[in-house]
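# My questions concern the predicted model and sequence given below.
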Amino acid sequence: MRMMAWVLAAAALGGCTSTREMTAPGYRLPPSVAIALPRADVEVGRISIGGVAQADAERTARARAEIARAVSVYLRHDRVSAAPDTPRLAEYEALHRTVATAIALHKYGEVPLPTKHGRFDWTLGPGVRSVIGAGDHALFLTVRSYESDDGRKAMAVAGAIGCVVGLCLLPGGGEHIAYASLVDLKSGDIVWFNVMTGGVGDPATPAGAEALVAKLLGTMRGAK
Amino acid sequence: MPILALLLTGCGDYVLVPPGRAVGVAKAAMTVTPDRAWNRNGGLGPGKRAESWTRDGAMLNDLTFYGGIADGETLFREVDKREAPLPRFAAGMSAPEIAELLERSYRVATGTTLFALDALAPMPLAGQAGFVMRYRYTLPGDDVARRGEARGVVVGGRLYLLTYEAPAIHYFERDLAAFRAVADSARLNT
């Protein structure tokens, strides 16, 4: 049970389903690039009225498998390979989550950093290459999909009623946020990044995972 | 204390701190001259006498100034004063006791059980006989191993402290020189 920084990021970015991409200067993904795929960092579960998230292990495992399958299908024309699943990779997975949350808060959210104005230069550091192994790039994915529990839904209803008398408190229908970062393995720099807020279906189902992957990776090759 | 700072202080506006210019910090208790640009969090700091700067985001590199913590005061704002009160600074504390104060403050404020002091040694700060401490910790639910370095001194019964924290992977080493440049430039406005 925990309240995480990503909850703040999701709240800062708003509740509607949307994506916002960002690329490093000069970014252009070649047509036949080798992309390594670390294990997708996925949590699916429920969130309480206080913003405390509780992961569902069974649904998380299903979502992770469905998202991995959907990514493989989506990138079927690329030279993709699975990165070895090691404890060291888990450390980079956690670092990616932190970097992605910082990008979401400070590049897209309402707390911009003056030193980042006109720049996109976040990185995982050059050491990521030794962890990922082969490939030109690595595609890191983080997905957090939490549906509201009953108390939070009740608060949403009460909040909506409160709006009638001018007192609105709408906690929303859940917290959904997903990050995708394409990392240049020569430098460790994030050269393309996308964040998606709002749900597009249950990622533990084939259709939900496919919709999420299509929306999240849709602009990776620059096609908008 | 990056994530806790984020949760405690909310999302205040950031203001550019340009390099090469002396600037008062932590309610003007100290003056420092950074050698590169930082972003100053204009919101509430993690403590009454604290101010935080970052370069890439509070969770990626966090420089916090604690300016003149007086006898009986805490480093951070209380999170749960009734059930888990924060430890308080005492004017006569030695460097090892201040290191323990920092560790216990983190343990109480964040709930972490993973905090280790790696080194503690004498080092001047602002021309006074101070100390440097190095430590590492992981916050609950965060899973990112972080390292920290702190420089401090007690002058006139008040604690002046600078802490720098970042993920152990890449970020800590990359920005350590920037922190040390700030710490080496510190002057106390006592």
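On my side now, so go ahead.

# I'd like to know how many residues surround A:Leu141.
26 (other Cβ atoms under 10 Å in any protein chain shown). From N, CA and C alone the C-beta is placed, and that goes for glycine too.

# Okay, helices next: where are they in chain A?
A:5-13, A:57-74, A:87-103, A:128-132, A:150-164, A:206-217 (DSSP state H).

# Worst mean pLDDT among those?
Ranked by mean pLDDT, those end with helix A:150-164 at the bottom, a mean of 51.

# so where's chain B shaky on pLDDT?
B:1-12 (pLDDT under 70).

# Residues of it that sit close to chain A?
By Cβ under 8 Å from any Cβ of the partner chain, the residues of chain B that approach chain A are B:3, B:6-7, B:11-16, B:37-39, B:54-60, B:140-145, B:167, B:169-171, B:174.

# What's the ChimeraX syntax to select whichever of those are buried?
Command for ChimeraX, covering only those of the residues of chain B next to chain A found buried under the criterion 16 or more other Cβ atoms under 10 Å in any protein chain shown:
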select /B:3,6,7,11,14,37,38,39,54,55,56,57,58,59,60,142,144,145,167,169,170,171,174
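
# So which bits of chain A are right by chain B?
A:2-5, A:8, A:12, A:90-92, A:94-95, A:97-99, A:101-103, A:105-106, A:109-116, A:122-127, A:188.

# These, buried ones only, as a PyMOL selection?
Command for PyMOL that selects the buried part of the residues of chain A next to chain B, burial taken from 16+ other Cβ under 10 Å:
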select buried, chain A and resi 4+5+8+12+91+92+94+95+97+98+99+101+102+103+105+106+109+111+113+115+116+122+123+124+125+188
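
# which parts of the helix ranked longest in chain B are buried?
Scanning chain B for the longest helix, with DSSP H as the assignment, gives helix B:95-110. Neighbour-count burial for helix B:95-110, with 16+ other Cβ under 10 Å as criterion, is recorded at B:Ala95, B:Ile98, B:Ala99, B:Leu101, B:Leu102, B:Glu103, B:Ser105, B:Tyr106, B:Arg107, B:Val108, B:Ala109, B:Thr110.

# just those residues now: which is nearest chain A?
Nearest to chain A out of those is B:Thr110 (Cβ to the nearest Cβ; 11.7 Å).

# Report how many residues lie close to A:Ala61.
A:Ala61: 13 neighbours (other Cβ under 10 Å).

# Spatially nearest residue to the residue nearest the centre of chain B (excluding sequence neighbours)?
Geometric centre of chain B, nearest residue: B:Thr163, 3.0 Å, by Cα atoms, centre = their mean. Beyond its immediate neighbours in the sequence, the residue positioned closest to B:Thr163 (Cβ to Cβ, 6 or more residues apart in numbering or on different chains) is B:Ala150, lying 4.4 Å away.

# looking at this, that neighbour is in a helix?
No: the assignment for B:Ala150 is strand, going by DSSP: H, G, I helix; E, B strand; the rest coil, so no helix is present there.

# Surely it touches B:Gly130?
No: using Cβ atoms under 8 Å, B:Ala150 makes no contact with B:Gly130, being 10.0 Å away.

# For B:Arg174, which non-adjacent residue is closest in space?
A:Gly125 (7.4 Å).

# Might one say that the one you found is in contact with A:Asp189?
No: in this structure, A:Gly125 is not within contact of A:Asp189 by Cβ under 8 Å, at 9.0 Å.

# check contacts around A:Ala180.
Listed by Cβ atoms under 8 Å, 6 or more residues apart in numbering or on different chains, the contact set of A:Ala180 reads A:Leu139, A:Phe140, A:Leu141, A:Thr142, A:Trp192, A:Phe193, A:Asn194, A:Leu216, A:Leu217, A:Met220.

# ok, the second one touching A:Glu93?
Yes: taking Cβ under 8 Å as the definition, A:Phe140 is a contact partner of A:Glu93 at 7.2 Å.

# any residues in contact with both of these two?
A:Pro38, A:Asp41.

# who's more crowded, those two?
Neighbours were counted for A:Phe140 and for A:Glu93 using other Cβ under 10 Å; A:Phe140 has more, 28 against 20.

# check contacts around that one.
A:Pro38, A:Asp41, A:Tyr92, A:Glu93, A:His96, A:Ala100, A:Leu124, A:Tyr179, A:Ala180, A:Ser181, A:Val183.

# Which members of the residues you listed are the farthest-apart pair?
The two members of the contacts of A:Phe140 with the most space between them (Cβ to Cβ) are A:Tyr92 and A:Ala180, at 15.0 Å.

# so where do the strands sit in chain B?
Secondary structure of chain B (DSSP state E): strands at B:14-17, B:23-25, B:30-32, B:38-41, B:50-54, B:62-69, B:114-122, B:131-138, B:146-155, B:158-167, B:187-188.

# now the end-to-end length of stretch B:109-127.
Stretch B:109-127 has an end-to-end distance of 31 Å (Cα to Cα, to the nearest Å).

# ok, residues contacting that stretch?
By Cβ under 8 Å, 6+ apart, stretch B:109-127 touches B:1, B:3-4, B:30, B:76, B:79, B:86, B:95-96, B:99, B:103, B:106-107, B:129-140, B:151-153, B:155, B:160, B:162, B:183, B:186-188.

# which residue sits closest to B:Phe115 in space, ignoring its chain neighbours?
B:Tyr137 (4.1 Å).

# hey, what's the one you found bridged with?
B:Phe115, B:Arg146 (DSSP bridges).

# Okay, it and B:Gly127: tell me how far apart.
30 Å (Cβ to Cβ, to the nearest Å).

# Among these two, which residue is more densely surrounded?
B:Tyr137 (23 against 11).

# so what's A:Ala209 up against?
Per Cβ under 8 Å, 6+ apart, neighbours of A:Ala209: A:Ala63, A:Glu66, A:Ile67, A:Arg69, A:Ala70, A:Pro203.
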